[in-house]
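K.L.:
sequence and predicted structure are below.
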Amino acid sequence: MDLKDVQENWTRFGETDPFWAVLAWPGMEAGRWDPDAFFATGQEEIAQVMADLAALDLHPDRHTALDFGCGVGRLTQALAQYFDIVHGVDISPPMLELAETLNRQGDRCRFHLNPNPDLSLFADATFDFVYSNITLQHIPPRYARGYIREFLRVLKPGGVAVFQVPSRPHGLVQRLLQPIKPTRLWRGYQRLRYGQQPVMNMYGLPRRQVVDLVTRHGGEIVEIRSDSSADAAWESYRYTILKA
Ligand SMILES: C[S@@+](CC[C@H](N)C(=O)[O-])C[C@H]1O[C@@H](n2cnc3c(N)ncnc32)[C@H](O)[C@@H]1O
C-alpha cells in the first residue's frame, strides 16, 4: 500500500461521494449532505479548536495556516476566518477541484495537490498554525510519521500544530490486522473483494510513537486529549504541539 494506492482510493471517493467520504455520517451517503450544513460543521469545529487553544494559553500568530488533508475545504474555509492565508493540501484531484469551486474565501484559501510523502512544496518555518483532522488515520503509518515530522519542519518557532491520529483499535482482531493492512498483500485482497470501489482504510500510530516523534523533531507536547472523530472502534487522540 503506497501513496499511489492512497491517491487512487481518494480520487474515487472524490469522484463518487465527496462530502460523505469526508464526513461519513449515517444517512448522508449518496450526495445527501446539504452543502451549508456540511460547511457549518467545519465552522463549529474550528471555533472549538480556537477556543481550546486560548484555554491552553496558546496564541499563535494569525498570518498563515496549513490544513493538511483538506478535502473539499470544510476546515480550510473555516480557518480563513482566523488566519490571513490558509493553504489546503490534499492528495485527491477531484476533492481539490470541488474545494476550489466551493471556496467563498477568495485568495485567502489556496489549495494544493500534493502526491508526495513530504511537504516540500513549503519552505521551513512557513506556518503559524498547522491543523489536520480525520486525515492521518487514512494514511499508512510510515507516511503518517513523515507528515508529522514535516508539520514540525514547516511550523515557525512559536507556531502550533493540532492534529488527530488514532492510536490503536479497541478490538483484538483489528489489532492483529494492523501490521498487514499497509502491505501489498492486503491491497490485493481488497482489490479482489471490492474491485474498483474505494475503501475507507483506517490506520493508527501508537501514542508513545507520536510523542517520541514530536519531541525528537523540536516539538513540545502541550496537550493530548481523547478524540472521538475517528471511527468508534478506535482509541484516538488529538495532539496539541508547540514548536520550540
Ligand atoms: C476524511 S477526509 C477529511 C477532510 C478534511 N480534513 C475535513 O475534515 O473536512 C480525508 C482527506 O485526506 C486526504 N488524504 C488522504 N491521504 C492524504 C495524503 N497522503 N496527503 C494529503 N491528503 C490526503 C483525502 O483525499 C481526503 O480528502
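P.N.:
Cool, the structure landed. Numbers count the residues shown, from 1 in each chain.
K.L.:
give me the distance between the closest residue to S228 other than its chain neighbours and the ligand.
P.N.:
Spatial nearest neighbour of S228, excluding adjacent residues (CB to CB, 6 or more residues apart in numbering): S236 at 7.2 Å. For the C-beta atoms, the positions are set from N, CA and C on the backbone; glycine is no exception. To the ligand, S236 is 13 Å away according to CB to the nearest ligand atom, to the nearest Å.
K.L.:
and S236, helix, strand or coil?
P.N.:
Here S236 is strand, with the state taken from DSSP: H, G, I helix; E, B strand; the rest coil.
K.L.:
ok, it - contacts?
P.N.:
Applying CB atoms under 8 Å, 6 or more residues apart in numbering to S236 gives the contacts Q137, Q164, V165, P166, S167, G204, S226, D227, S228, S229, A230.
K.L.:
out of those, who's the most crowded?
P.N.:
Within the contacts of S236, V165 tops the neighbour count with 30 neighbours, counted by other CB atoms under 10 Å.
K.L.:
in the host helix or strand of that residue, what counts as buried?
P.N.:
Assigned by DSSP states H and E, V165 belongs to strand 155-169. For strand 155-169, the neighbour count (16 or more other CB atoms under 10 Å) marks L155, K156, G159, V160, A161, V162, F163, Q164, V165, P166, S167, P169 as buried.
K.L.:
swap in stretch 120-133?
P.N.:
By 16+ other CB under 10 Å, the buried positions in stretch 120-133 come out as F122, T126, F127, D128, F129, V130, Y131, S132, N133.
K.L.:
check contacts around the third one.
P.N.:
When you say that, I think you mean F127. F127 sits in contact with T64, A65, L66, H87, V154, L155, K156, G159, where contact means CB under 8 Å, 6+ apart.
K.L.:
just to revisit the earlier point, closest one to the ligand out of the buried residues of strand 155-169, please.
P.N.:
Q164 (9.2 Å; CB to the nearest ligand atom).
K.L.:
hmm, back to that, show me which of the buried residues of stretch 120-133 neighbour the ligand.
P.N.:
N133 (CB under 6 Å from any ligand atom).
K.L.:
can you name the two of the buried residues of stretch 120-133 that are farthest apart?
P.N.:
Maximum pairwise distance among the buried residues of stretch 120-133 (CB to CB): 19.9 Å, between T126 and N133.
K.L.:
relative to N116, how far out is the closest residue to Q174 other than its chain neighbours?
P.N.:
Using CB to CB, 6+ apart and skipping residues adjacent in sequence, the residue nearest Q174 is A233, 6.5 Å away. Applying CB to CB, to the nearest Å, the value for A233 to N116 is 30 Å.
K.L.:
P94 too?
P.N.:
From P94 to N116 the distance is 19 Å (CB to CB).
K.L.:
kindly report the residues of the chain close to the ligand.
P.N.:
3, 6, 10, 22, 69-71, 74-75, 89-92, 95, 114, 133-135, 138-139, 143.
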